[in-house]
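Trainee: for reference, the sequence and a predicted model appear below.
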Amino acid sequence: MRYFKAILLSVLTITLVWALNRPWGSVPAFGPLLSPFAGFWQNAESDQTKDEEVNVTGTRAPVTVVFDDLAIPHVFAQNDYDLYFAQGYLTARDRLWQMEFQTHAAAGRVSEIVGERALELDRFNRHLGMGYGAEQTLKGMESDPTTREVLAAYTAGINAWIDQLTPAQYPIEYKLLGYAPEPWTPLKCALLLKQMSSTLAGGADDLLMTNVLRKYGAAVTFDLFPDYPTREDPIIPPGTKWDFKALPVPAPPKDSLLTNLIALSAPGFGVSPSRANPEIGSNNWAVGAQKSATGHPILANDPHLTLSLPSIWYQIQLVSPTVNTYGASLPGAPNVIIGFNKSVAWGVTNVGADVLDFYAIRFKDASKQQYWHDNQWKSVRRRLETIRVKGKPDVVDTVYYTHHGPLVYETGAKPFRPSIPVGYAARWIAHEQSNDMLCFYKLNRAENFADYREALAYYVAPAQNFVYADKNNDIAISPNGRFPLKWKNQGKFLMDGTNPANDWHGYIPADQNPLVKNPPRGFVSSANQFSTDPSYPYYINWQFAPSERGRRINQRLTVMKGATIDSLRMLQNDNYNLRASDALPTLLPRLSEKGMSEQQRNALQALRQWQRSNDAGEIGPTIFTEWTAQLTKAIWADEFDTGDTLPMRFPAFDRTLTMMQRDTGARWFDNTKTPARERFSDVLNESFRATCDTLVKKHGPVGTSWNWGQHKGTDIRHLLPGVDAFSALDLDVGGGAVVVNATNERTGPSWRMVVALGDQPKAYGLYPGGQSGNPGSPHYQNMIETWRLGKLNELLYLQSAQDKNPRLKRTMTLK
């Protein structure tokens, strides 16, 4: 019996070792992960304090890197090649898995890592033309000698880091997923830019709006979805003179609305109406010398993106004989994207231009070799996409390209992204040849307004509102990118791909993009709202982010005098809810307490006492946010939420509020699914009571459990879904979708920065995360609490590697 137990134990041990060291489908082997020699134990880090010399292959001269107390590298190189080599090396050292995983996603290669669960995502990105667009961008970048050398140096630096890694040193995500890093290429830098275009310029409501047009006709459609809202304060101040001779705008086809309806050959699949107009975005502004306490401009920027760990951004200072710049870079791309140098500062917010249109394609036959356009058959170009799937055979897809762009979904397919129609080709700005990298290379070295303008001429996509300030006391802002030259409302609906009148007809000249410099009001700003008022001679889009953040920023800046870094930091954290201020005077007087329960009356009292601030400890924003969502649904869902049969989007809240204020007898208040005739007051009261009942069920009686910070919650999740141990969850923080501090459940200020220009720039900033992408590092999420409290860290802008500061901790020499 003793021997039997020993044999059984040996068999079990061998079986366990075998099982732990082999993958099971797409699940990696756990043996290597648990190994004390190469597993996750090897990823624990302590805070380094010792100077070090690192021998690398590829530098032309020694590079000195000074690390501060937040592990931010300040790079001093003797030439630009070594500067970008070091940037690539250091970024890979801290963020390699993040860099590679994001480019795998953009290229449609996630199935290689996680198996067939990602197959539809990969197919979508390939059919959307992400890889094709990256190849076009790479051609544009490599056609410029400067950009080509920067890319080569950055790539060499990344590979120098990869080449010296052993499996024990791989970032933990590689060990969790059971794969290894591959050599970096310049194409991966281009793929990262395409990923940003997908995030910021990859949305479209063409299908949903065409369905509205199909069901309700042109008059109702343009009434409920107007080209300019009631409440708006555009980025370029109204009354700004356009000092250029505009190009002739293309004429729309005479039967454009009719062909839009004909183009709707397949209605597609449903999409949640509440997601059709996501209320997220970014803020930036600059105050001029006359409004500043320093006598020089101060610039602020906080881009709002999905909050994630590792952080989207990577702080770095880059110094060579040609540049000294500091700011936030994108892991996987050289240069500083948002930042400053000794003379200028700049920042960005998303424009939201309409640069993705869809065209119905008429193929000659089922072979899809030719399609009809401009009264002739034209050849289709086929692109074979081979998708490697972990644990499964390769999948080969054919993507059909027309002159418009790729056919994203063939007839009969079920869309991965349901707002994209079936059987249509996508015309997308991200497919254009471009060299956006040269824009940032030049911004990093800019000395004055003329340099800023020159840099922006190279920028294509995703279009950004570039705010600018310099020590010469100039401030400016420009919604900038490559904008298609369109007739008004072109792309608001699906288009007939056979008619050449529907094609894009060139682009707005770069020097005619909207711009304002040193406006009389003493500041410039943007919050993703309309770029201009209707006086601008070109069409950019018919919809932008809701106006509340932009209007609130402009209200504060208009009355602000003696602005300081701290007063602008406080404005970044402003929680005043202008939507509530706009709406509650209309809504509250029409609420009837008759028949209300005790909890409903308590909620009403709390809402009446609320001072309109979305602070974490307030109850008011919880009630108001949930009520307006319920009210919007009660008004529009019966007519516009028809499910998969005819997906449509809801009218914007601005249009809804205008109707509640000016047309309380509108037919839209009636619920068509009931025999009764509901009025505005009925919908208003029923939605309020239903909201209160829902909140009581979720949180209990009205009280602190209803606090906004607790109700909303803010999660900063690791890029790998479900890895809560690597995430920061349920942060108690204020903010909201339509307030300046636009912190939501999963999105918010991904980088906050304030820069005061002068003889020497003084800057503060941080992001919700840390420099390291390693969950075992003390610098993985060490800035989150400071970010949650709305504070900023001073950004150390060094002049030389010999500068003295108690926050400087150690030096690395690459040689």
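Mentor: Arrived safely, thanks for sending.
Trainee: distance of the residue lying closest to M753 once chain neighbours are set aside from G339?
Mentor: In space, not counting the residues next to it along the chain, M753 is nearest to G765; the distance is 3.7 Å by Cβ to Cβ, 6 or more residues apart in numbering. For every residue, glycine as well, the C-beta is placed using N, CA and C. Applying Cβ to Cβ, to the nearest Å, the value for G765 to G339 is 9 Å.
Trainee: kindly export stretch 614-624 (C-alpha atoms) in PDB.
Mentor: Extracted as PDB, the C-alpha positions of stretch 614-624 are listed here (Å, rounded to 0.1, in the frame of the first residue of the first chain):
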ATOM      1  CA  ASN A 614     -21.400  67.300  -9.500                       C
ATOM      2  CA  ASP A 615     -19.300  66.800  -6.400                       C
ATOM      3  CA  ALA A 616     -18.700  63.300  -5.300                       C
ATOM      4  CA  GLY A 617     -20.600  63.700  -2.000                       C
ATOM      5  CA  GLU A 618     -23.700  65.300  -3.600                       C
ATOM      6  CA  ILE A 619     -27.000  63.500  -4.100                       C
ATOM      7  CA  GLY A 620     -28.400  65.900  -6.700                       C
ATOM      8  CA  PRO A 621     -26.300  64.800  -9.700                       C
ATOM      9  CA  THR A 622     -27.300  61.200  -9.100                       C
ATOM     10  CA  ILE A 623     -31.000  62.100  -9.300                       C
ATOM     11  CA  PHE A 624     -30.600  64.600 -12.200                       C
END
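Trainee: of G765 and G339, who's got more company?
Mentor: G339 (31 against 26; other Cβ atoms under 10 Å).
Trainee: list the contacts of the more buried one.
Mentor: Applying Cβ atoms under 8 Å, 6 or more residues apart in numbering, one finds that G339 lies in contact with T325, Y326, G327, A328, A345, W346, N444, M753.
Trainee: one more: S547?
Mentor: If you count contacts by Cβ under 8 Å, 6+ apart, S547 has them with P229, R231, E232, D233, Q529, F530, D654.
Trainee: now for the first one: which residues touch it?
Mentor: Residues near P229 by Cβ under 8 Å, 6+ apart: F530, S547, A652, D654, R655.
Trainee: got the residues you listed as CSV, with pLDDT, distance to A152 and secondary structure columns?
Mentor: As requested, those are exported to CSV (pLDDT from 0 to 100; distance: Cβ to Cβ, whole Å; DSSP: H, G, I helix; E, B strand; the rest coil):
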residue, pLDDT, distance to A152, secondary structure
F530, 98, 41, coil
S547, 97, 45, coil
A652, 97, 47, coil
D654, 97, 49, helix
R655, 98, 51, helix
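Trainee: nearest to F483 among those residues?
Mentor: Taking Cβ to Cβ as the measure, F530 is the one of these closest to F483, at 13.9 Å.
Trainee: isn't that closest one right up against F544?
Mentor: Yes. Between F530 and F544 a contact is recorded at 4.8 Å, counting by Cβ atoms under 8 Å.
Trainee: ok, and what's touching stretch 150-165?
Mentor: Applying Cβ under 8 Å, 6+ apart, the contact partners of stretch 150-165 are 56-58, 80-93, 96, 99, 141-142, 181, 183-186, 189, 333-335, 437, 441.
Trainee: kindly recompute the last result at 6 Å.
Mentor: Residues external to stretch 150-165 that are found in contact with it (Cβ atoms under 6 Å, 6 or more residues apart in numbering): 56, 58, 81, 84-85, 88-89, 92-93, 181, 183-184, 186, 334.
Trainee: what of stretch 69-83?
Mentor: 59-61, 63-67, 86, 90, 153, 315-320, 322, 771, 779, 798, 801, 807, 809.
Trainee: of the residues you listed, buried ones?
Mentor: In terms of neighbour count (16 or more other Cβ atoms under 10 Å), the buried residues within the contacts of stretch 69-83 are 59, 63-67, 86, 90, 153, 315-320, 771, 779, 798, 801, 809.
Trainee: tally of neighbours for the closest residue to H373 other than its chain neighbours?
Mentor: Nearest residue to H373 in three dimensions, chain neighbours excluded: T498, at 5.6 Å (Cβ to Cβ, 6+ apart). When counting by other Cβ under 10 Å, one arrives at 19 neighbours for T498.
Trainee: who touches the residue most central in space within the chain in this structure?
Mentor: The chain has L305 as the residue nearest its centroid, 4.3 Å off, counting by Cα atoms, centre = their mean. When contacts are counted by Cβ under 6 Å, 6+ apart, L305 touches I312, S750.
Trainee: beta-bridge partners for it, please?
Mentor: Taking DSSP bridges, one obtains G748 as the residues bridged to L305.
Trainee: need the pLDDT of it.
Mentor: The score at L305 is 97. That number is its pLDDT.
Trainee: still on that earlier bit, okay, and the residue nearest to H373 sits in which element?
Mentor: Using DSSP states H and E, T498 falls within no helix or strand.
Trainee: that one and I361 touch, don't they?
Mentor: No. Between T498 and I361 no contact is recorded; they are 8.3 Å apart, counting by Cβ atoms under 6 Å.
Trainee: so what pairs up with W285 in the strands?
Mentor: Beta-bridge pairing of W285, defined through DSSP bridges, involves A300, S525.
Trainee: roughly how far does it sit from T704?
Mentor: From W285 to T704 the distance is 35 Å (Cβ to Cβ).
Trainee: what of L207?
Mentor: L207 sits 44 Å away from T704 when distances are taken as Cβ to Cβ.
Trainee: give me the more crowded residue out of these two.
Mentor: Neighbours per residue (other Cβ under 10 Å) separate L207 from T704, with L207 holding more: 26 against 10.
Trainee: confirm that one sits in a helix?
Mentor: Yes. The assignment for L207, made by DSSP: H, G, I helix; E, B strand; the rest coil, places it in a helix.
Trainee: ok, it touching P421?
Mentor: Yes. Checked against Cβ under 6 Å, the pair L207 and P421 is within contact range at 4.4 Å.
Trainee: now for Q136, how many residues are close by?
Mentor: By other Cβ under 10 Å, the residues close to Q136 number 18.
Trainee: now T811
Mentor: Here the count is done by other Cβ under 10 Å, and T811 has 16 residues near it.
Trainee: what about it, which SS state?
Mentor: Per three-state DSSP, the local secondary structure of T811 is strand.
Trainee: tell me the bridge partners for it.
Mentor: V66.
Trainee: look up how far D94 lies from it.
Mentor: When distance is defined by Cβ to Cβ, T811 is 17 Å away from D94.
Trainee: what do you get for A360?
Mentor: Between A360 and D94 the computed distance is 47 Å (Cβ to Cβ).
Trainee: N465 now?
Mentor: In this structure, N465 lies at 29 Å from D94, with Cβ to Cβ as the measure.
Trainee: more crowded one of the two?
Mentor: Here N465 and D94 are compared on neighbour count by other Cβ under 10 Å; more neighbours surround N465, at 30 against 24.
Trainee: in its sheet, what does the host helix or strand of the more buried one sit against?
Mentor: Taking DSSP H and E as the criterion, the element that holds N465 is strand 464-470. Here the strand partners of strand 464-470, with direction, are listed using DSSP bridges: strand 344-350 (antiparallel), strand 475-480 (antiparallel).
Trainee: just after the last one, pick out the following helix or strand.
Mentor: So the one you mean is strand 475-480. strand 495-496.
Trainee: next one: that following strand to chain centre, how far?
Mentor: A distance of 29 Å separates the centroid of the chain from that of strand 495-496, by Cα atoms, centre = their mean, to the nearest Å.
Trainee: after that strand comes which helix or strand?
Mentor: Where DSSP H and E defines the elements, the next helix or strand beyond strand 495-496 is strand 516-517.
Trainee: partner strands of that next one, with direction?
Mentor: Taking DSSP bridges as the criterion, strand 516-517 sits next to strand 475-480 (antiparallel) in its sheet.
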